[in-house]
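Trainee: Attaching a predicted model along with its sequence, questions to come.
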Amino acid sequence: LRPVRPMTRLQRRHLLRRLIDEHARSGQLDYYQPVAGKAGFLDQVDALITDLKRSYIWPENFAQSARDARTKELAQVYHAYQDHLHQANLYDAQGLFWAASDVLAAHAEIANPIGLLVVDGFTDFTVAQQRVLAQLSTRCQEIAVTLPLETPGDTAGIGVSGRPELFAKSHDTLAALEKNFEVRRVVPGDSEALTTCGPLSHIGRELFRGNPRVADDFPLSPRELHLIEAAGEDSEVRQVAREVKRLLQSGVAAEDVVVARRGLAASADRFRAAVAGYLIPCRIEAASPVTAAPQVRSLLNLLRLHVEDWPYRVLLRTINDRLLGNLTSEARIAAEHCIRKAQFPDGRERLLAWVGRWSASAGDRPAEEDAAGAAVALAKLDAALQLLPESAARADWVDPLEAAASALGLPLCDDPAWRTVKRGLQALTRVEQWTQLEVGPADAADVLGILSIIAREESLPADATPGGAVRIVEADTVRGMRPGHLLLTGLGE
């Protein structure tokens, strides 16, 4: 068997980005040429290839079905992508299932025998997953597959009929399993936990049933369910933090409070700021993008300032960045005054020359002090950015970036987010070596683009605060919890 090299999401998207760029430069993209460099086009191509591979539609099959120019261009990108994977023994998330199936077919001793195999967390199975399941079924005495389904006629509170659209995918999966396997249905009897609470029992009966905006009488008890009014997402987060603080001050233990939010990752920063303001011990159980890390955000801002020749708004943002510890408050104020007075849209040399002339010219004393302070701050900024090379191999940019950050007092070297970015750079280098993609020297603009992609794609782990803290979790994960106080946020209906 050939060695298997799993490919991360970051590596897959980088490979697709490189292939799309190559096709655009060589003139193979005509219809998509205007949008070939856009992030949205990369997202669409990535999603398309994922769906095609899940459905077991390979490049040659997709190309044969292409009837127009745009579909043929997408087929070319898909073909090039799959060729690079095959030649380098690389496997994306969909290909790993096929690799697992090949291994099972070649080695009868693997996973043999198994007494009980539990397959949990699926609503449907791809062709490759069905194949693996069939292979494992010959080696297991029993397989337990869980599916989210309702129980027709159940009046206990959570499994009522009348919502076929909600469970259509699971019903199709069950029908396919019953066609290919000997299936014995087992309905768990854990609905009693919800019947003890009137509001939860009502929600279990009515959720996604019929028109969600038309409700029957709600069995509301003031002691069981409270509604909090808020104007907008920011206000909602603040109101929730205030309610949590009230509960804690009333004697409720922090570990007995759970905040559940749909789409927590997008709101994690808001929650961090809100709970910090109320001094609430909490554990936010959501990974956050590296772009949310202050040190990395400051570094990207510095690099953008350098690439775009000191644009006005980026320069103001940099001067006022408190993480740049080597700039004093007086120097920041003076520099901002001069930048706003000059009103140059961009231009490093022009601004430095103007500040120098103003500092040397005669005039009222306060203006001269502003100019002198601004000259010091801008000179420090300029000296730090001059440490960056004009062009270098991508790996050789790490040390100059750290040196420039250090010169401005930005704590970067020991920052976990920056370490994540460096690991991302190494991962991209590996995939380029495996696929033998041509890689030339990178200038500052190239590095800014690569670092921005890594920061968007890579995530930092969820908070690891020990017990004794309020838990803030994704709404989907709350079903198995039994907190004393549950606050639901981010729900549209």
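Mentor: Noted; the coordinates are in hand.

Trainee: low pLDDT regions in this protein?
Mentor: 1-2, 150-164, 188-224, 361-369, 462-466, 492-493 (pLDDT under 70).

Trainee: Show me the strands in it, by range?
Mentor: Applying DSSP state E to the chain gives strands spanning 5-6, 90-91, 114-119, 140-145, 257-261, 282-284, 288-289, 391-392, 442-443, 459-460, 470-474, 485-489.

Trainee: Residues in a beta bridge with the residue nearest in space to the middle of the chain, which ones?
Mentor: Central residue of the chain (C-alpha atoms, centre = their mean): residue 289, 5.3 Å from the mean position. Note on residue 289: beta-bridge partners by DSSP bridges are residue 459.

Trainee: now it: how far from residue 426?
Mentor: Residue 289 is 19 Å from residue 426, where distance means C-beta to C-beta, to the nearest Å. In this view, the C-beta of every residue, glycine as well, is placed from N, C-alpha and C.

Trainee: Pull the contacting residues for residue 387.
Mentor: 400, 403-404, 407 (C-beta atoms under 8 Å, 6 or more residues apart in numbering).

Trainee: Pipe the residues you listed into JSON lines and attach neighbour count and distance to residue 67 per row.
Mentor: Putting those into JSON lines (neighbours: other C-beta atoms under 10 Å; distance: C-beta to C-beta, whole Å) gives the following:
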{"residue": "400", "neighbour count": "16", "distance to residue 67": "51"}
{"residue": "403", "neighbour count": "13", "distance to residue 67": "55"}
{"residue": "404", "neighbour count": "22", "distance to residue 67": "53"}
{"residue": "407", "neighbour count": "17", "distance to residue 67": "58"}
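
Trainee: now the strands of the chain as JSON lines including distance to residue 40?
Mentor: JSON lines is the format used below for the strands of the chain (distance: least, C-beta to C-beta, whole Å):
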{"stretch": "strand 5-6", "distance to residue 40": "27"}
{"stretch": "strand 90-91", "distance to residue 40": "25"}
{"stretch": "strand 114-119", "distance to residue 40": "35"}
{"stretch": "strand 140-145", "distance to residue 40": "37"}
{"stretch": "strand 257-261", "distance to residue 40": "26"}
{"stretch": "strand 282-284", "distance to residue 40": "29"}
{"stretch": "strand 288-289", "distance to residue 40": "18"}
{"stretch": "strand 391-392", "distance to residue 40": "29"}
{"stretch": "strand 442-443", "distance to residue 40": "24"}
{"stretch": "strand 459-460", "distance to residue 40": "21"}
{"stretch": "strand 470-474", "distance to residue 40": "26"}
{"stretch": "strand 485-489", "distance to residue 40": "29"}
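
Trainee: For the stretch 1-150 of the chain, which segments count as helices?
Mentor: 9-25, 39-54, 59-65, 69-88, 93-106, 127-137 (DSSP state H, counting those that start in this stretch).

Trainee: Name the stretch among these that sits most buried.
Mentor: helix 9-25 (a mean of 19; mean count of other C-beta atoms under 10 Å).

Trainee: From the rest of the structure, what touches that one?
Mentor: 7, 29, 32-33, 36-37, 41-42, 45-46, 49, 73, 76-77, 80-81, 84, 92-93, 424, 427-428, 430-432, 435, 437, 453-454, 457-458.

Trainee: surely residue 359 meets residue 371?
Mentor: Yes: at 3.8 Å, residue 359 and residue 371 qualify as touching, with contact defined as C-beta atoms under 8 Å.

Trainee: neighbour-wise, which of those two wins?
Mentor: residue 371 (24 against 19; other C-beta atoms under 10 Å).

Trainee: What residues does that one make contact with?
Mentor: Here residue 371 is in contact with 334, 338, 355, 358-359 (C-beta under 8 Å, 6+ apart).

Trainee: shouldn't residue 290 be in contact with residue 451?
Mentor: No: here residue 290 does not reach residue 451: they are 9.3 Å apart, not a contact under C-beta under 8 Å.

Trainee: Name the residues contacting each of the two.
Mentor: Shared contacts of residue 290 and residue 451, counting by C-beta under 8 Å, 6+ apart, come down to residue 421.

Trainee: Show me which of these two is the more surrounded one.
Mentor: Counted by other C-beta under 10 Å, residue 290 and residue 451 do not tie: residue 290 has more neighbours, with 25 against 21.

Trainee: quick one: contacts of stretch 345-362?
Mentor: 308-312, 315, 338-339, 342, 344, 367-368, 371-372, 374-375, 378-379, 382.

Trainee: returning to that earlier point: now the residue nearest to the centre of the chain: how far from residue 460?
Mentor: Counting by C-beta to C-beta, the gap from residue 289 to residue 460 is 8 Å.

Trainee: same deal with residue 67?
Mentor: 45 Å.

Trainee: Looking at these two, which one has more neighbours?
Mentor: residue 460 (18 against 7).

Trainee: I figured that one hits residue 416, correct?
Mentor: Yes: using C-beta under 8 Å, residue 460 is in contact with residue 416, at 6.7 Å.

Trainee: shared neighbours of the two, which are they?
Mentor: residue 293.

Trainee: Residue 249 - how many residues pack around it?
Mentor: If we define neighbours as other C-beta under 10 Å, then residue 249 has 8 of them.

Trainee: meant to ask about residue 116, not that
Mentor: For residue 116, using other C-beta under 10 Å, the count is 9.

Trainee: Next one: the nearest residue to it once chain neighbours are set aside from residue 97, what distance?
Mentor: Distances taken as C-beta to C-beta, 6 or more residues apart in numbering put residue 142 closest to residue 116, at 5.2 Å, once the chain neighbours are dropped. Computed with C-beta to C-beta, the distance linking residue 142 and residue 97 is 22 Å.

Trainee: hmm, back to that, which of the contacts of stretch 345-362 are buried?
Mentor: Among the contacts of stretch 345-362, those classed as buried by 16 or more other C-beta atoms under 10 Å are 310-312, 315, 338-339, 367, 371-372, 374-375, 378.

Trainee: From these, pick the one nearest residue 112.
Mentor: residue 311 (63.3 Å; C-beta to C-beta).

Trainee: which ones are touching that closest one?
Mentor: 305, 345-346.

Trainee: Identify all contacting residues around stretch 452-462.
Mentor: Contacts of stretch 452-462 (C-beta under 8 Å, 6+ apart): 9-10, 13-14, 17, 283-293, 296, 300, 416-417, 420-421, 423-425, 428.

Trainee: Go through it and flag the buried ones.
Mentor: Quick answer for stretch 452-462 (16+ other C-beta under 10 Å): 452-455, 457-460, 462.

Trainee: Over to stretch 469-480?
Mentor: 469-475, 478.

Trainee: and if you look at stretch 398-412?
Mentor: 398, 400-402, 404-405, 407-408, 410, 412.
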